[in-house]
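Colleague: build me a model from this:
(one chain, ligands or ions: 1)
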Amino acid sequence: MDWNSDIIKSLSWPAAISNIESKQKLAEQIAAKVRSGNIIGVGSGSTCYLALLAISQRIKNEQLNIMAISTSIEIALTCSSLGIPITSLYEHRPDWYFDGADEVDPNSHLIKGRGGAMFKEKLMMNASQQNFIIVDHSKLVDKLGSKFPIPVEVFPTALMNVEAKLKTLGANEILLRAAQGKDGPVISENGNLILDVKFDHIEKDLEIKIKSITGVIESGLFQNQLVEIIVG
Ligand code: A5P
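Modeller: Next up is the predicted model:
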(Lines give C-alpha, C1' and ligand atoms only; values in the text may rest on other atoms or scores of the structure.)
Protein backbone atom coordinates (compact mmCIF):
# COMPACT_ATOMS: atom_id res chain seq x y z
CA MET A 1 0.00 0.00 0.00
CA ASP A 2 1.25 3.49 -0.88
CA TRP A 3 1.49 6.28 1.76
CA ASN A 4 0.27 8.85 -0.77
CA SER A 5 2.30 11.41 1.22
CA ASP A 6 1.90 15.07 0.23
CA ILE A 7 5.22 15.82 1.95
CA ILE A 8 7.09 13.35 -0.25
CA LYS A 9 5.24 14.47 -3.40
CA SER A 10 6.11 18.14 -2.80
CA LEU A 11 9.83 17.63 -1.98
CA SER A 12 12.31 19.79 -3.85
CA TRP A 13 15.80 21.17 -3.20
CA PRO A 14 15.22 23.86 -0.53
CA ALA A 15 17.52 26.57 -1.91
CA ALA A 16 18.87 27.93 -5.20
CA ILE A 17 21.60 25.59 -6.49
CA SER A 18 24.94 27.31 -7.17
CA ASN A 19 26.75 26.59 -10.48
CA ILE A 20 23.73 24.61 -11.60
CA GLU A 21 24.83 24.19 -15.25
CA SER A 22 28.08 22.47 -14.28
CA LYS A 23 26.26 20.35 -11.72
CA GLN A 24 23.65 19.29 -14.33
CA LYS A 25 26.45 18.07 -16.61
CA LEU A 26 28.04 16.15 -13.74
CA ALA A 27 24.63 14.65 -12.97
CA GLU A 28 24.31 13.38 -16.55
CA GLN A 29 27.82 11.88 -16.39
CA ILE A 30 26.95 9.99 -13.22
CA ALA A 31 23.60 8.82 -14.61
CA ALA A 32 25.40 7.46 -17.70
CA LYS A 33 27.43 5.10 -15.44
CA VAL A 34 24.34 3.33 -14.08
CA ARG A 35 23.86 -0.30 -15.12
CA SER A 36 20.85 -2.45 -14.30
CA GLY A 37 21.54 -4.50 -11.18
CA ASN A 38 23.83 -1.89 -9.62
CA ILE A 39 23.79 -1.13 -5.89
CA ILE A 40 24.74 2.56 -5.76
CA GLY A 41 25.91 4.50 -2.70
CA VAL A 42 24.60 8.05 -2.84
CA GLY A 43 26.29 11.01 -1.13
CA SER A 44 24.63 14.22 -0.04
CA GLY A 45 24.30 17.78 -1.30
CA SER A 46 22.85 19.52 -4.33
CA THR A 47 25.09 17.84 -6.95
CA CYS A 48 24.02 14.41 -5.70
CA TYR A 49 20.40 15.56 -5.68
CA LEU A 50 20.65 16.53 -9.37
CA ALA A 51 22.40 13.23 -10.15
CA LEU A 52 19.53 11.31 -8.54
CA LEU A 53 17.04 13.20 -10.73
CA ALA A 54 19.06 12.21 -13.81
CA ILE A 55 19.31 8.58 -12.63
CA SER A 56 15.56 8.38 -11.99
CA GLN A 57 14.97 9.60 -15.54
CA ARG A 58 17.10 6.73 -16.89
CA ILE A 59 15.31 4.24 -14.61
CA LYS A 60 11.97 5.37 -16.06
CA ASN A 61 13.09 5.47 -19.70
CA GLU A 62 15.03 2.18 -19.67
CA GLN A 63 13.27 0.21 -16.88
CA LEU A 64 16.61 -0.17 -15.04
CA ASN A 65 16.65 -2.19 -11.85
CA ILE A 66 18.90 -0.49 -9.28
CA MET A 67 18.99 0.09 -5.53
CA ALA A 68 20.45 3.05 -3.64
CA ILE A 69 22.10 3.29 -0.23
CA SER A 70 21.74 6.82 1.12
CA THR A 71 24.12 8.77 3.36
CA SER A 72 21.50 11.15 4.77
CA ILE A 73 17.82 11.54 5.51
CA GLU A 74 17.70 14.23 2.81
CA ILE A 75 18.83 11.75 0.16
CA ALA A 76 16.68 8.90 1.50
CA LEU A 77 13.61 11.15 1.18
CA THR A 78 14.67 12.16 -2.34
CA CYS A 79 14.97 8.48 -3.32
CA SER A 80 11.52 7.88 -1.87
CA SER A 81 10.02 10.77 -3.84
CA LEU A 82 11.64 9.52 -7.07
CA GLY A 83 10.63 5.89 -6.54
CA ILE A 84 14.25 4.71 -6.30
CA PRO A 85 14.37 1.60 -4.07
CA ILE A 86 16.57 1.95 -0.99
CA THR A 87 18.65 -0.70 0.70
CA SER A 88 21.29 -0.58 3.45
CA LEU A 89 24.81 -1.77 4.24
CA TYR A 90 23.22 -4.61 6.23
CA GLU A 91 21.85 -6.09 3.01
CA HIS A 92 24.28 -4.97 0.32
CA ARG A 93 27.77 -3.71 -0.45
CA PRO A 94 27.70 -0.79 -2.92
CA ASP A 95 29.14 -1.49 -6.38
CA TRP A 96 30.01 2.18 -6.59
CA TYR A 97 29.43 5.44 -4.77
CA PHE A 98 29.15 9.03 -5.87
CA ASP A 99 29.30 12.18 -3.78
CA GLY A 100 30.10 15.89 -3.90
CA ALA A 101 32.70 17.75 -1.86
CA ASP A 102 33.31 21.20 -0.45
CA GLU A 103 37.03 21.36 -1.36
CA VAL A 104 39.32 19.20 -3.50
CA ASP A 105 43.11 19.72 -3.56
CA PRO A 106 45.59 18.63 -6.28
CA ASN A 107 46.21 15.32 -4.41
CA SER A 108 42.48 14.48 -4.47
CA HIS A 109 42.23 15.09 -0.73
CA LEU A 110 38.86 16.47 0.29
CA ILE A 111 36.96 18.54 2.78
CA LYS A 112 33.35 17.41 3.07
CA GLY A 113 30.59 17.68 5.62
CA ARG A 114 28.93 21.02 5.00
CA GLY A 115 25.72 18.95 5.13
CA GLY A 116 26.75 17.22 8.37
CA ALA A 117 26.66 13.73 6.82
CA MET A 118 30.42 13.04 6.74
CA PHE A 119 30.36 9.97 8.97
CA LYS A 120 28.01 8.04 6.70
CA GLU A 121 29.77 9.49 3.64
CA LYS A 122 33.17 8.20 4.78
CA LEU A 123 31.65 4.86 5.76
CA MET A 124 30.08 4.51 2.31
CA MET A 125 33.34 5.46 0.63
CA ASN A 126 35.17 2.78 2.63
CA ALA A 127 32.53 0.17 1.90
CA SER A 128 32.24 0.86 -1.80
CA GLN A 129 34.40 -0.71 -4.50
CA GLN A 130 34.66 2.49 -6.57
CA ASN A 131 34.14 6.14 -5.59
CA PHE A 132 33.38 9.13 -7.81
CA ILE A 133 33.58 12.67 -6.44
CA ILE A 134 31.65 15.11 -8.61
CA VAL A 135 32.54 18.78 -8.26
CA ASP A 136 32.23 22.02 -10.17
CA HIS A 137 35.33 24.22 -10.58
CA SER A 138 34.51 26.32 -7.51
CA LYS A 139 35.48 23.33 -5.32
CA LEU A 140 39.07 23.09 -6.57
CA VAL A 141 41.66 24.61 -4.19
CA ASP A 142 45.47 24.67 -4.04
CA LYS A 143 45.39 24.09 -0.30
CA LEU A 144 42.71 22.40 1.83
CA GLY A 145 41.12 24.75 4.32
CA SER A 146 41.23 27.72 1.94
CA LYS A 147 37.47 28.20 1.91
CA PHE A 148 35.97 25.77 4.42
CA PRO A 149 36.74 24.75 8.00
CA ILE A 150 37.05 21.05 8.80
CA PRO A 151 33.77 19.72 10.24
CA VAL A 152 34.25 17.38 13.20
CA GLU A 153 31.35 15.28 14.49
CA VAL A 154 31.51 14.93 18.26
CA PHE A 155 29.67 12.74 20.77
CA PRO A 156 27.80 15.41 22.82
CA THR A 157 29.30 14.84 26.28
CA ALA A 158 32.81 14.71 24.78
CA LEU A 159 32.50 18.30 23.50
CA MET A 160 35.01 19.99 25.83
CA ASN A 161 37.45 17.08 25.74
CA VAL A 162 37.50 17.21 21.95
CA GLU A 163 37.84 21.00 21.96
CA ALA A 164 40.90 20.81 24.25
CA LYS A 165 42.56 18.09 22.14
CA LEU A 166 41.90 19.93 18.87
CA LYS A 167 43.71 22.95 20.32
CA THR A 168 46.76 20.78 21.01
CA LEU A 169 46.66 19.75 17.31
CA GLY A 170 46.92 23.44 16.34
CA ALA A 171 43.29 24.41 15.76
CA ASN A 172 43.03 28.19 15.76
CA GLU A 173 39.23 28.53 15.56
CA ILE A 174 36.65 26.06 16.83
CA LEU A 175 32.97 26.88 16.39
CA LEU A 176 29.98 24.84 17.48
CA ARG A 177 27.78 24.70 14.37
CA ALA A 178 24.51 26.48 15.12
CA ALA A 179 21.21 25.22 13.76
CA GLN A 180 18.90 27.14 11.49
CA GLY A 181 15.24 26.28 11.98
CA LYS A 182 15.78 25.15 15.57
CA ASP A 183 17.33 26.72 18.65
CA GLY A 184 20.78 25.60 19.73
CA PRO A 185 23.36 23.54 17.85
CA VAL A 186 23.00 21.42 14.72
CA ILE A 187 22.30 17.80 15.62
CA SER A 188 23.98 15.53 13.08
CA GLU A 189 22.43 12.59 11.20
CA ASN A 190 23.67 10.43 14.10
CA GLY A 191 22.47 12.62 16.99
CA ASN A 192 25.85 14.28 17.62
CA LEU A 193 27.28 17.83 17.59
CA ILE A 194 29.39 19.36 14.83
CA LEU A 195 32.43 21.58 15.34
CA ASP A 196 33.77 23.65 12.44
CA VAL A 197 37.51 23.81 12.95
CA LYS A 198 40.17 25.94 11.26
CA PHE A 199 43.90 25.14 11.12
CA ASP A 200 46.66 27.36 9.73
CA HIS A 201 48.22 24.34 8.13
CA ILE A 202 46.68 20.93 7.39
CA GLU A 203 49.37 18.24 7.87
CA LYS A 204 49.08 15.08 5.79
CA ASP A 205 48.25 12.96 8.87
CA LEU A 206 45.71 15.37 10.39
CA GLU A 207 42.73 13.16 9.49
CA ILE A 208 44.19 10.29 11.53
CA LYS A 209 45.13 12.58 14.43
CA ILE A 210 41.63 14.06 14.65
CA LYS A 211 40.04 10.61 14.43
CA SER A 212 42.19 9.37 17.32
CA ILE A 213 40.63 11.86 19.78
CA THR A 214 38.20 10.09 22.10
CA GLY A 215 34.76 11.53 21.44
CA VAL A 216 35.32 12.26 17.74
CA ILE A 217 32.91 10.23 15.65
CA GLU A 218 34.38 11.36 12.32
CA SER A 219 35.78 14.40 10.54
CA GLY A 220 35.10 15.86 7.11
CA LEU A 221 38.80 15.63 6.22
CA PHE A 222 39.27 12.89 3.59
CA GLN A 223 43.04 12.45 3.12
CA ASN A 224 43.31 8.71 2.75
CA GLN A 225 40.55 7.63 0.41
CA LEU A 226 40.61 6.05 -3.02
CA VAL A 227 38.54 8.43 -5.14
CA GLU A 228 38.18 9.44 -8.77
CA ILE A 229 37.50 13.15 -9.14
CA ILE A 230 35.17 14.28 -11.94
CA VAL A 231 35.20 18.05 -12.50
CA GLY A 232 32.27 19.67 -14.32
C1 A5P B 1 27.76 16.82 2.37
O2 A5P B 1 28.03 16.51 3.69
C3 A5P B 1 28.90 17.56 1.73
O4 A5P B 1 30.11 16.91 1.90
C5 A5P B 1 28.55 17.68 0.28
O6 A5P B 1 29.10 16.62 -0.43
C7 A5P B 1 28.94 18.97 -0.29
O8 A5P B 1 28.57 20.02 0.58
C9 A5P B 1 28.33 19.09 -1.66
O10 A5P B 1 28.07 20.37 -2.06
P11 A5P B 1 27.05 20.69 -3.20
O12 A5P B 1 25.72 21.00 -2.57
O13 A5P B 1 27.65 21.88 -3.89
O14 A5P B 1 26.94 19.48 -4.10
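Colleague: where does residue 157 land in three-state SS?
Modeller: Here residue 157 is recorded as helix under DSSP: H, G, I helix; E, B strand; the rest coil.
Colleague: please enumerate the helices of this protein.
Modeller: Applying DSSP state H to the chain gives helices spanning 6-9, 20-32, 46-62, 73-82, 118-127, 159-168, 206-211.
Colleague: residue 224: what's it in contact with?
Modeller: Counting by C-beta atoms under 8 Å, 6 or more residues apart in numbering, residue 224 touches 207-208. The way it works is simple: take the backbone N, C-alpha and C, and place the C-beta from them, glycine included.
Colleague: nearest spatial neighbour of residue 49, skipping sequence neighbours?
Modeller: residue 13 (5.4 Å; C-beta to C-beta, 6 or more residues apart in numbering).
Colleague: what is the neighbour count of the one you found?
Modeller: 14 (other C-beta atoms under 10 Å).
Colleague: domain map for this protein?
Modeller: 6-141+226-231, 150-220 (automatic domain parsing).
Colleague: closest to the ligand out of the ones you listed?
Modeller: The closest of those to the ligand is domain 6-141+226-231. By C-beta to the nearest ligand atom, the value is 2.8 Å.
Colleague: report the separation between the nearest residue to residue 76 once chain neighbours are set aside and residue 154.
Modeller: Closest residue to residue 76 apart from its sequence neighbours, by C-beta to C-beta, 6+ apart: residue 70 at 4.1 Å. From residue 70 across to residue 154, the span is 23 Å (C-beta to C-beta, to the nearest Å).
Colleague: residues from the chain in reach of the ligand?
Modeller: By C-beta under 6 Å from any ligand atom, the residues of the chain that approach the ligand are 43-47, 99-102, 112-115, 117-118, 121.
Colleague: looking at these, which are in strands?
Modeller: residue 99 (DSSP state E).
Colleague: give the contact list for residue 65.
Modeller: Neighbouring residues of residue 65 by C-beta under 8 Å, 6+ apart: 36-37.
Colleague: again, but for residue 74
Modeller: Contacts of residue 74 (C-beta under 8 Å, 6+ apart): 44, 49, 115, 117.
Colleague: isn't residue 112 right up against residue 218?
Modeller: No - in this structure, residue 112 is not within contact of residue 218 by C-beta atoms under 8 Å, at 10.1 Å.
Colleague: shared neighbours of those two, which are they?
Modeller: In terms of C-beta under 8 Å, 6+ apart, residue 112 and residue 218 are both contacted by the residues residue 118.
Colleague: between those two, which is the more surrounded one?
Modeller: residue 112 (28 against 23).
Colleague: distance of that one from residue 172?
Modeller: In terms of C-beta to C-beta, residue 112 sits 21 Å off from residue 172.
Colleague: next one: the nearest residue in space to residue 19 that is not next to it in sequence from residue 102, what distance?
Modeller: In space, and not counting its chain neighbours, residue 19 is closest to residue 136: 4.2 Å by C-beta to C-beta, 6+ apart. Taking C-beta to C-beta as the criterion, residue 136 is separated from residue 102 by 11 Å.
Colleague: now swap in residue 149 and tell me
Modeller: According to C-beta to C-beta, residue 149 and residue 102 sit 10 Å apart.
Colleague: next: residue 162.
Modeller: With distances taken as C-beta to C-beta, residue 162 is found 21 Å from residue 102.
Colleague: ok, residue 19 - contacts?
Modeller: Residue 19 neighbours (C-beta under 8 Å, 6+ apart): 136-138.
Colleague: generate a PyMOL selection restricted to the buried subset of those.
Modeller: In PyMOL syntax, the buried subset of these is picked out as below (16 or more other C-beta atoms under 10 Å):
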select buried, resi 136
